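[1] test case, fold it:
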Amino acid sequence: MRKSFFRLPIFIRDFMVMRNKGTVVAVLSGKGGTGKTLISVNLARVSGECRYLDCDVEEPNGYLFFKPENPAMEEVTVEIPEVLEAACNGCRKCVDFCRFNAMAFIKEKPYIFPEVCHSCGGCMLLCPEKALVPREKTVGRIEEGKSGEVTVVTGILNVGEASGMPVIKKLTGKYLPDQPGLTFIDCPPGSACTVMESIRKADYCILVAEPTLFGEHNLRMVYDLTGFFKKRSGVVLNKCSDGTNPSEDFCRENHIPVLGRIPFDMTLGILTSDAKIAADEKPEFADLFKDILENLKKEVSDEAALDSER
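    Numbering: from 1, shown residues only. Prediction:
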């Protein structure tokens, strides 16, 4: 049975791996403005029926391109402590415990700063008098809608909240449990905790890099991160022009597959600044992202074949 599978044509293997099983592809970069939203949005568009998850919850903008119709909304809540003044004996253990300075002792009682609280729950566990009880607080929301064949799911963190982790956990927990089909995750920039949570369930990571020394530094940072999580990855080189490309040199030296090269193009920049999906506007851009998608499928299929052989 195993041998007959590998004799199937590549496009059938792609279909079996990426449609029946389900494949999660995370798109990330070492800093903002590199082009991860451009790439994830356009790859989702040329993929046909798929899902797009925007985990850049502090500044989501994928929905500006897709413009989903009549999105459904779901609030994201966390538990924060509330003080039962009659039960509090003033021991200050909760205030001393909080490393986020979300609590202070004012007029002989604990005072809570909800905007700074990280909802760890440690103060409630520690309180000897059980004077701290949980209450629900809304920290953000998730919006789900359709744009053509793409299901667009956006995580949105409320302004002023301390961490986007609760929204991302809700987003990935609800939409990534072994669902068939192809899912693209538009990750937050950088390599902080929110990025780690965004890629935790990914099958493959696309790293977006610019052709500069700074771009190479940022590529190295996210490449090390995906290596730590044992995620296979490939690179899309954005804003390419004539001359040297330190990011491409880094890929060559470390044997990282380059899935595609996007040229520095004023038309592409104008379309993006107008929140238009380039693949919808120009056939040459649609072909460019289809080529990247085919290279991605081949990488994912080859990995699935290796896993089956093992």
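[2] could you report the neighbour count for the residue nearest to Pro211 when sequence neighbours are not counted?
    Of all residues not flanking Pro211 in the chain, Asn245 sits nearest, at 4.0 Å (C-beta to C-beta, 6 or more residues apart in numbering). For the C-beta atoms, the positions are set from N, CA and C on the backbone; glycine is no exception. Using other C-beta atoms under 10 Å, Asn245 is surrounded by 21 other residues.
[3] my guess is Asn245 contacts Val235. True?
    No: the pair Asn245 and Val235 fails to qualify as a contact (C-beta atoms under 8 Å) at a distance of 10.8 Å.
[4] re earlier: and the residue nearest to Pro211, what pLDDT?
    In this model, Asn245 is scored at 93, pLDDT.
[5] same question, Glu115
    You'll see Glu115 listed with a pLDDT of 86.
[6] so Ile106 bridges to which residues?
    Legend: beta-bridge partners of Ile106 under DSSP bridges are Lys109.
[7] by mean pLDDT, which helix or strand of this protein comes out lowest?
    None of the helices or strands of the chain scores lower by mean pLDDT, DSSP states H and E than helix 2-6, at a mean of 40.
[8] test my guess that Ser198 contacts Asp54.
    No: taking contacts as C-beta under 8 Å, Ser198 lies outside contact range of Asp54: 10.0 Å.
[9] what about the helices in the stretch 201-310 of the chain?
    Applying DSSP state H, counting those that start in this stretch to the stretch 201-310 of the chain gives helices spanning 213-228, 246-253, 266-273, 278-281, 283-309.
[10] just the stretch 51-200 of the chain next, same as before
    62-66, 93-97, 122-126, 165-175, 193-199.
[11] let's have those helices in a markdown table, adding distance to Ile112, mean neighbour count and mean pLDDT.
    Converted to a markdown table, those look like this (distance: least, C-beta to C-beta, whole Å; neighbours: other C-beta atoms under 10 Å; pLDDT from 0 to 100):
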| stretch | distance to Ile112 | mean neighbour count | mean pLDDT |
| --- | --- | --- | --- |
| helix 62-66 | 33 | 21 | 95 |
| helix 93-97 | 9 | 16 | 92 |
| helix 122-126 | 9 | 16 | 92 |
| helix 165-175 | 17 | 21 | 92 |
| helix 193-199 | 23 | 21 | 94 |
